[in-house]
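**Q** Let me see the structure of the following:
(2 chains)
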Amino acid sequence: QKEVEQNSGPLSVPEGAIASLNCTYSDRGSQSFFWYRQYSGKSPELIMSIYSNGDKEDGRFTAQLNKASQYVSLLIRDSQPSDSATYLCAVTRWAEKLTFGTGTRLTIIP
Amino acid sequence: DAGITQSPRHKVTETGTPVTLRCHQTENHRYMYWYRQDPGHGLRLIHYSYGVKDTDKGEVSDGYSVSRSKTEDFLLTLESATSSQTSVYFCAISESGVNSPLHFGNGTRLTVT
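**A** Residues are numbered from 1 along each chain as shown, chains lettered A, B, ... in the order given. As a prediction, the model looks like this:
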């Protein structure tokens, strides 16, 4: 079992719809959870962090964390073509070990 | 954007040669990291530093060494490059460790022939 799992996609979503990205993790002791966006050929950039159960909203983005079920998700509302990218889920475990999933490739269809 | 510069941006080298990649930051952050990114594996931690001359291994450290003699510079050395080290290498910095956001450099694409 991978430590952090994501559906690799590609996930295709019509423009203006809600994109839903999911991530599961294996370590119940995980403390911090992040979503990074990576455009093709570019470096990852942080878009959301979440540390406690529940929802966290930032503009069109909402991160959802459920520690009991060991999953974290990212919702993107009113999807735009500029949201087309690979989304990386990252989870902290023990000290200084931030584990990344392999990413979900999202394509927004105009 | 966080002030992180990686050099070189691209490098082609031959098997068995030593290679050094440089990461330079202007943010005065304590923590610095080296990751490699490969298809199907995602980002994997090679080494990290939590202060000047304080470094530790990540999950894929074999064949790599690091040094940090100044807060702003973190060097990654491949002692004797192998084809399996062909990858994209990212440096990242963080103000207070992995429980705070990482800011990535633009990456170095290394090809070992």
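
**Q** Please count neighbours and contacts with C-alpha atoms only from this point.
**A** Will do.

**Q** for A:S82, helix, strand, or coil?
**A** Per DSSP: H, G, I helix; E, B strand; the rest coil, the secondary structure class of A:S82 is helix.

**Q** What about it, how many residues nearby?
**A** Number of residues near A:S82 (other CA atoms under 10 Å in any protein chain shown) recorded here: 10.

**Q** gap between it and A:R105?
**A** Plainly put, A:S82 is 13 Å away from A:R105 if you go by CA to CA, to the nearest Å.

**Q** so residue 35 is in which element?
**A** No chain was given, so I picked chain A. A:W35 is part of strand A:33-38 when elements are defined by DSSP states H and E.

**Q** wait, chain B
**A** If you go by DSSP H and E, B:Y35 is part of strand B:31-38.

**Q** and the gap between the residue nearest the centre of chain B and chain A?
**A** Among the residues of chain B, the one closest to the centroid is B:W34, at 2.8 Å (CA atoms, centre = their mean). B:W34 sits 12 Å away from chain A, going by CA to the nearest CA, to the nearest Å.

**Q** from chain A, which residue is nearest to chain B?
**A** Nearest residue of chain A to chain B (CA to the nearest CA) works out as A:T102 at 4.2 Å.

**Q** just checking, that residue touches B:G40?
**A** Yes: using CA atoms under 8 Å, A:T102 and B:G40 qualify as a contacting pair, with a distance of 6.2 Å.

**Q** out of those two, which sits in the more crowded spot?
**A** Neighbours per residue (other CA under 10 Å) separate A:T102 from B:G40, with A:T102 holding more: 25 against 10.

**Q** Before I go, just wanted to say thanks for your time.
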